[in-house]
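Chemist: Here's a sequence, model it:
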Amino acid sequence: QVQLVESGGGLVQAGGSLRLSCAASGRTFSSDLMAMGWFRQAPGKEREFVAVAGWSGGSTYYADSVKGRFTISRDNAKNTVYLQMNSLKPEDTAVYYCAAARSVGLPRGNGDYAYWGQGTQVTVSS
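Modeler: Now for the predicted structure:
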């Protein structure tokens, strides 16, 4: 089992930045070849893919809506994955979830992920 805890959410003005963190406990996700992803869910909308980092951290993939503004990274020694969010827009407002998938690829579907955090709220004001 893997437990995931997100932190770093909050209220920020448009154009600002936030850095989300996701700390994993339980099994070491690097040794289990865990891909780590970030998803988000805005009110009244389905949860959508944001970004994923492969198990080694050397490969990443982003949703078109955040490409060039968000950066995903991971520190396997600390069992932590990060999401640096710059140039935030009001449409980025959502609950952001960290997730782990036992995969050597870059999974992007909700169903690909077995483990989920509880979410952290990000609100971007205009």
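
Chemist: residues in contact with stretch 75-86?
Modeler: 17-25, 28-30, 36, 38, 50-51, 53, 56-57, 66, 69-74, 92, 96, 98, 122 (C-beta atoms under 8 Å, 6 or more residues apart in numbering). C-beta: built from backbone N, CA, C; applies to glycine.

Chemist: rerun at 6 Å
Modeler: With C-beta atoms under 6 Å, 6 or more residues apart in numbering as the test, stretch 75-86 has contacts from 17-24, 30, 36, 38, 69-74.

Chemist: Just the buried residues of those residues.
Modeler: 18, 20-22, 24, 30, 36, 38, 70-72, 74 (16 or more other C-beta atoms under 10 Å).

Chemist: Grab the two from those that are most spread out in space.
Modeler: Leu18 and Ser30 (25.1 Å; C-beta to C-beta).

Chemist: Out of the contacts of stretch 75-86, list just those in strands.
Modeler: Cross-referencing the contacts of stretch 75-86 against strands under DSSP state E gives 18-24, 36, 38, 70-74.

Chemist: so Ser7 sits right up against Cys22, yeah?
Modeler: No. Applying C-beta atoms under 6 Å, one finds Ser7 not in contact with Cys22, separated by 7.9 Å.

Chemist: For the most centrally placed residue in the chain, which residues are in contact?
Modeler: Closest residue to the average C-alpha location of the chain: Trp38 at 2.2 Å, with C-alpha atoms, centre = their mean. When contacts are counted by C-beta under 6 Å, 6+ apart, Trp38 is found next to 50-51, 83.

Chemist: again, only using 8 Å
Modeler: So Trp38 contacts 20, 22, 50-52, 72, 81, 83, 96-99 (C-beta under 8 Å, 6+ apart).

Chemist: Good, we can wrap up now.
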